[in-house]
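Visitor: Mind looking at a prediction? Sequence and model below.
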Amino acid sequence: MQFVWNEELYQEIAAAVQFGTVVDGSTRVYDITAADYAPLIRPVSENYFIHPDGPYQGEKKEIGHDETYKNKKLRRQEQTVSFYGNAIQQAIDDAFAAGGGRVLVPAGTYYTGAIELKSNVEIHLAKQAVLRFVRNKSNTYYPLVFSRWEGVECLNFSPFIYAFAAENIAVTGPGTLDGAADEFNWMPWKFGYFGERNQEVQRQRLFAFGEAGVPVEQRLFADTVSTLRPPFIQPYRCKNVRIEDVHIINSPFWEINPVLCQNVKISRVQIATNLYNNDGVDPESCSNVLIEDCSFLTGDDCIAIKSGRNNDGRRIGVPSQNIIIRGNHFGDGHGGITIGSEISGGVQNVFAHDNYFDSAQLDYPIRFKTNSYRGGKLENVYIKDSVVNKSKLAVVHADFFYEEGDSGPYLPKLRNITLENIQTAPGGLIDAEHALYLKGFTAAPIENVTLQHVRLNGVQGETVLRNVKDLRLIDVRINGKQQKDQVICADDAGIISV
């Protein structure tokens with residue numbers, strides 16, 4: 001049975017995120033440069049690193065193969081900056097104590113550490129305002145907080161902008177949030193380059209805690225051991241979250257990662273961090289989410305819908321659901337709209353339309369990532385009225401053999417996926433290896449996928465199907481060739497029956 005667009009549910013989601021502004025027209029404004037906050041501004045020594053040979057002259061993907069360059073130790077540098085972190089936090093606390101208000105960051109550049117938003121408070125970055133986060137990887141500036149990292153709960157460095165159990169919070173623009181991460185600051189932990197510690201040791205320690213069910217308060221990742229780079233913005237268990245108009249650059253990790261939140265609106269945000277693991281927007285175990293009119297230049301997935309990893313995701317057991325993705329521009333990134341891979345809590349009811357996928361570096365416009373360790377029920381995804389200009393690997397990619405593959409006991413379900421009116425840009429060629437790449441398990445086939453009114457030009461290779469049940473083609477044209485309207489099933493060997 002074809003999965004159809006549910007207009008009533010779509011409108012319910014859209015209405016849920018229209019919760020209005022955090023504060024009304026008569027609101028109190030707390031300017032961080034006001035005289036009351038001047039005593040809290042202080043000079044601090046920012047520690048950062050440079051490479052003795054300067055920035056790498058080739059592409060970033062080549063650094064790992066350049067043994068001479070990546071094995072040279074970085075040089076520690078210091079500079080004195082005016083630190084506004086205490087002033088910003090005091091302004092937030094003052095607004096919260098007064099019942100709500102707007103914290104204004106005027107034009108200029110202001111150095112800070114982690115910021116904690118509180119209920120009924122909006123932080124607003126004026127035009128030409130830059131909030132720059134110091135590169136000191138210390139709990140002095142990024143204290144331990146209750147967080148989720150790659151789908152597992154822990155106590156780790158605070159996200160740069162954090163909120164816990166808050167309501168009616170906002171981060172608005174048009175200014176810039178600058179995480180100041182680069183190849184030599186925060187990022188070396190990803191691979192252990194330049195003599196820095198490799199995050200994989202602590203990453204596996206965290207995953208072991210999750211699998212063993214260690215109480216979260218005992219999953220401590222203090223700055224003496226942690227190499228888990230914090231996300232940029234992470235509201236946790238919050239309600240009515242609004243992020244609008246800001247520019248986000250140079251994030252050390254995922255950019256916007258609401259966790260266990262309700263009613264989240266992300267509009268007109270520009271994200272440009274093309275480093276490593278720099279997902280753009282990752283709603284995780286959230287309900288009622290709108291992501292609209294954003295642009296993505298990321299070093300990983302542009303949008304990645306998540307719901308927790310393995311045992312920890314099942315322990316919490318909250319799916320991501322009721323999500324609208326519309327009017328976005330997807331540039332560089334592994335995936336445009338991705339569901340997974342930390343998806344053990346499941347996902348349902350995703351509506352995506354009027355999006356534009358446009359980059360020779362974009363691997364997959366639509367991707368599903370799970371396996372038999374992640375598991376999860378992934379269902380009811382409708383994508384329509386969108387343009388694919390470039391796609392390196394496959395327009396739609398779902399491979400249950402991702403990472404651990406078929407070696408665990410938690411069989412995933414992927415079903416009820418509809419793509420309607422998906423077109424190649426006029427006169428363009430997408431240059432993808434495959435139109436579809438779908439590989440399920442024998443005991444857990446991918447079910448009920450529909451392509452309707454689809455036009456794809458520039459596909460290089462064949463469609464790959466394995467353990468797929470009820471793939472419907474309705475008015476599909478690939479490389480100018482009309483495909484037969486049919487229902488296709490493929491077994492474990494990839495043998496197709498109609």
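Guide: Cool, the structure landed. Numbering: from 1, shown residues only.

Visitor: Tell me where the stretch 251-400 of the chain has helices.
Guide: 310-316 (DSSP state H, counting those that start in this stretch).

Visitor: Just the strands from it, written as ranges.
Guide: Counting by DSSP state E, counting those that start in this stretch, the stretch 251-400 of the chain has strands at residues 262-267, 270-273, 287-292, 295-298, 303-305, 320-326, 329-330, 335-339, 347-353, 356-357, 364-369, 377-388, 394-399.

Visitor: Would you convert these into JSON lines that also reports distance to residue 486?
Guide: Just so you know, the C-beta spots here come from the backbone N, C-alpha and C atoms, and that holds for glycine as well. Converted to JSON lines, the strands of the stretch 251-400 of the chain look like this (distance: least, CB to CB, whole Å):
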{"stretch": "strand 262-267", "distance to residue 486": "39"}
{"stretch": "strand 270-273", "distance to residue 486": "40"}
{"stretch": "strand 287-292", "distance to residue 486": "34"}
{"stretch": "strand 295-298", "distance to residue 486": "35"}
{"stretch": "strand 303-305", "distance to residue 486": "30"}
{"stretch": "strand 320-326", "distance to residue 486": "29"}
{"stretch": "strand 329-330", "distance to residue 486": "30"}
{"stretch": "strand 335-339", "distance to residue 486": "26"}
{"stretch": "strand 347-353", "distance to residue 486": "25"}
{"stretch": "strand 356-357", "distance to residue 486": "26"}
{"stretch": "strand 364-369", "distance to residue 486": "21"}
{"stretch": "strand 377-388", "distance to residue 486": "21"}
{"stretch": "strand 394-399", "distance to residue 486": "17"}
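
Visitor: could these be laid out in CSV, adding mean neighbour count and distance to residue 469?
Guide: As requested, the strands of the stretch 251-400 of the chain are exported to CSV (neighbours: other CB atoms under 10 Å; distance: least, CB to CB, whole Å):
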stretch, mean neighbour count, distance to residue 469
strand 262-267, 22, 34
strand 270-273, 23, 37
strand 287-292, 24, 29
strand 295-298, 24, 33
strand 303-305, 28, 23
strand 320-326, 24, 24
strand 329-330, 23, 29
strand 335-339, 28, 19
strand 347-353, 21, 19
strand 356-357, 22, 27
strand 364-369, 28, 15
strand 377-388, 21, 14
strand 394-399, 25, 13
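
Visitor: and stretch 88-96, average pLDDT?
Guide: What stretch 88-96 shows for mean pLDDT is 97.

Visitor: In PDB, could you pull the C-alpha coordinates for it?
Guide: C-alpha atoms of stretch 88-96 as PDB (Å, rounded to 0.1, in the frame of the first residue of the first chain):
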ATOM      1  CA  ILE A  88      26.300  37.200  29.000                       C
ATOM      2  CA  GLN A  89      25.300  34.600  31.600                       C
ATOM      3  CA  GLN A  90      24.400  37.300  34.100                       C
ATOM      4  CA  ALA A  91      22.200  39.000  31.600                       C
ATOM      5  CA  ILE A  92      20.500  35.700  30.900                       C
ATOM      6  CA  ASP A  93      20.000  35.100  34.600                       C
ATOM      7  CA  ASP A  94      18.600  38.700  35.100                       C
ATOM      8  CA  ALA A  95      16.100  38.200  32.300                       C
ATOM      9  CA  PHE A  96      15.100  34.800  33.700                       C
END
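
Visitor: ok now that stretch, how far from the chain's centre?
Guide: Centre-to-centre, stretch 88-96 and its host chain are 28 Å apart (CA atoms, centre = their mean, to the nearest Å).

Visitor: Buried residues in that stretch, which are they?
Guide: 88-92, 94-96 (16 or more other CB atoms under 10 Å).

Visitor: Redo those as TSV? Include secondary structure and distance to residue 394.
Guide: Output for the buried residues of stretch 88-96, formatted as TSV (DSSP: H, G, I helix; E, B strand; the rest coil; distance: CB to CB, whole Å):
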residue	secondary structure	distance to residue 394
88	helix	44
89	helix	46
90	helix	51
91	helix	48
92	helix	45
94	helix	52
95	helix	48
96	helix	47
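
Visitor: nearest to residue 131, of those?
Guide: residue 88 (8.0 Å; CB to CB).

Visitor: just to revisit the earlier point, distance to residue 440 added to the buried residues of stretch 88-96, as JSON lines?
Guide: Written out in JSON lines, the entries for those read as follows (distance: CB to CB, whole Å):
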{"residue": "88", "distance to residue 440": "49"}
{"residue": "89", "distance to residue 440": "49"}
{"residue": "90", "distance to residue 440": "54"}
{"residue": "91", "distance to residue 440": "52"}
{"residue": "92", "distance to residue 440": "48"}
{"residue": "94", "distance to residue 440": "55"}
{"residue": "95", "distance to residue 440": "51"}
{"residue": "96", "distance to residue 440": "49"}
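
Visitor: Name the nearest of those residues relative to residue 63.
Guide: Comparing these against residue 63 with CB to CB picks out residue 88 as the nearest, at 34.7 Å.

Visitor: For the closest one, give me its contacts.
Guide: 32, 103, 105, 110, 112, 115, 123 (CB atoms under 8 Å, 6 or more residues apart in numbering).

Visitor: Give me the buried subset of the residues you listed.
Guide: Buried members of the contacts of residue 88, scored by 16+ other CB under 10 Å, are 32, 103, 105, 110, 112, 115, 123.

Visitor: Would you reformat those as JSON lines and include secondary structure?
Guide: As requested, the buried ones among the contacts of residue 88 are exported to JSON lines (DSSP: H, G, I helix; E, B strand; the rest coil):
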{"residue": "32", "secondary structure": "coil"}
{"residue": "103", "secondary structure": "strand"}
{"residue": "105", "secondary structure": "strand"}
{"residue": "110", "secondary structure": "strand"}
{"residue": "112", "secondary structure": "strand"}
{"residue": "115", "secondary structure": "strand"}
{"residue": "123", "secondary structure": "strand"}
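
Visitor: where's residue 405 relative to residue 256, distance?
Guide: Applying CB to CB, to the nearest Å, the value for residue 405 to residue 256 is 30 Å.

Visitor: Report the beta-bridge partners for residue 289.
Guide: residue 264, residue 323 (DSSP bridges).

Visitor: Any idea how many residues pack against the closest residue to residue 220 other than its chain neighbours?
Guide: In this structure, residue 220 finds its nearest non-sequential neighbour in residue 155, 5.2 Å apart by CB to CB, 6 or more residues apart in numbering. The number of residues packed near residue 155 is 19, by other CB atoms under 10 Å.

Visitor: The host helix or strand of residue 155 - contacts with which helices or strands?
Guide: Applying DSSP states H and E as the criterion places residue 155 in strand 152-157. Counting contacts by 3 or more CB pairs under 8 Å, 6 or more residues apart in numbering; DSSP states H and E, strand 152-157 packs against strand 144-149, helix 200-212, helix 310-316.

Visitor: Give me the residues contacting that strand.
Guide: Contact with strand 152-157 is made by 114, 137, 139, 142-149, 206-207, 209-210, 216-217, 219-221, 223, 226, 228-230, 308-310, 312, 316, as judged by CB under 8 Å, 6+ apart.

Visitor: what's the angle between it and helix 200-212?
Guide: Strand 152-157 runs at 140 degrees relative to helix 200-212, counting by axes from the mean of the first three to the mean of the last three CA atoms, to 10 degrees.

Visitor: what's in contact with whichever helix or strand comes after strand 152-157?
Guide: Using DSSP H and E, the next helix or strand after strand 152-157 towards the C-terminus is strand 161-164. Strand 161-164 has contacts (CB under 8 Å, 6+ apart) with 114-118, 123, 145-147, 169, 171, 177, 232-238, 241.

Visitor: Direction included, what does the one helix or strand in the chain whose mean pLDDT sits lowest pair up with?
Guide: Using mean pLDDT, DSSP states H and E, the weakest-scoring helix or strand in the chain turns out to be strand 496-497, at a mean of 82. Strand 496-497 pairs in its sheet with strand 486-490 (antiparallel), by DSSP bridges.

Visitor: Thanks again, I'm all set now.
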